[in-house]
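>>> Fold the following, please.
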Amino acid sequence: MASSLTCAGVIWAFLSFLCAAASCVGFFMPYWLLGSQLEKSVSFGTFRRCSYPVRDESRQTTVMVEQCGRYASFQAIPSAEWRICTVVTGLGCGLLLLVALTALMGCCVSELISRTVGRVAGGIQFLGGKCSRGEGTGT
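Just a heads-up that it's a prediction; the model follows:
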């Protein structure tokens, strides 16, 4: 099995993949914010939520829906800032995963990654990391 990576490059490829996988799992899990509301434990992430309040019009009260799920639509995400965070974080995770998978392919294919491609990939990975943590949004 020929490789276009040095020993440090192979370590970078595997660490990149682990970090990208952790970022993607964190993006899909609804546990970014934890708290309580109406004496129930609630949590939500960028596009998922668990235990959320809903207005019951028949009884004119607010009741807690105790289930996890996605928002019904993109517009159902609570605020414009949260929608921007969802898009930017999703793009960041996608960039991180793309670079990590390319780096892993470089472990198996010779002449796939040159020094210049490695530098560009590192820059993309840095940008993806900034986006996936929300630092690029100003929030």
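
>>> mind listing the helices for the chain?
Secondary structure of the chain (DSSP state H): helices at 7-28, 80-108, 115-132.

>>> Check the gap between the closest residue in space to residue 13 that isn't next to it in sequence and residue 8 for me.
Spatial nearest neighbour of residue 13, chain neighbours left out: residue 103 (3.6 Å); criterion: CB to CB, 6 or more residues apart in numbering. The C-beta positions use only the backbone N, C-alpha and C, and glycine is treated the same way. For residue 103, the distance to residue 8 equals 12 Å [CB to CB, to the nearest Å].

>>> Looking at these two, which has the bigger crowd around it?
residue 103 (26 against 8; other CB atoms under 10 Å).

>>> Quick check: residue 30 touching residue 49?
Yes: with contact defined as CB atoms under 8 Å, residue 30 reaches residue 49; the gap is 5.6 Å.

>>> okay, and the common contacts of the two?
Residues touching both residue 30 and residue 49 (CB atoms under 8 Å, 6 or more residues apart in numbering): 43, 68.
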